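In: attaching a predicted model along with its sequence, questions to come.
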Amino acid sequence: MGDDRTDDGEAKLQAAMALHQAGRLADAVVAYDNFLAVHGDHAEALNYAALAHVALGDADTAARMLKAAISSRPDY
């Protein structure tokens, strides 16, 4: 049986990704931010959040997130 916090975190990331895929980018950014508030060094979430920020025209935030993703997991 998995850790409840891990399972909840994974569900929150999946929800953010579903919003992103549905084109609800502003909602996805909020969901990614909520996930990253707890799992701040999660490379995959940082990457997807950066993509959402680029799509919304916020290249500066996207660049910071991509740098954090690379720092967190250089092999990602």
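Out: That came through, no problem.

In: check what pLDDT Y76 gets.
Out: pLDDT, Y76: 73.

In: for A63, see how far away it is.
Out: To A63, Y76 is 16 Å away according to Cβ to Cβ, to the nearest Å. Any C-beta I mention is one placed from the backbone N, CA and C, and that applies to glycine too.

In: the more surrounded of those two?
Out: Neighbours per residue, other Cβ atoms under 10 Å: of Y76 and A63, the larger number sits with A63, 13 against 10.

In: okay, which residue is most central for this protein?
Out: Among the residues of the chain, the one closest to the centroid is A45, at 2.8 Å (Cα atoms, centre = their mean).

In: what about that one, helix or strand, and which?
Out: Assigned by DSSP states H and E, A45 belongs to helix 43-55.

In: tell me the helix or strand right after that helix.
Out: Assigned by DSSP H and E, the successor of helix 43-55 is helix 59-72.

In: now A15, nearest residue through space, not along the chain?
Out: Closest residue in space to A15, ignoring its immediate chain neighbours: A31 at 5.8 Å, by Cβ to Cβ, 6 or more residues apart in numbering.
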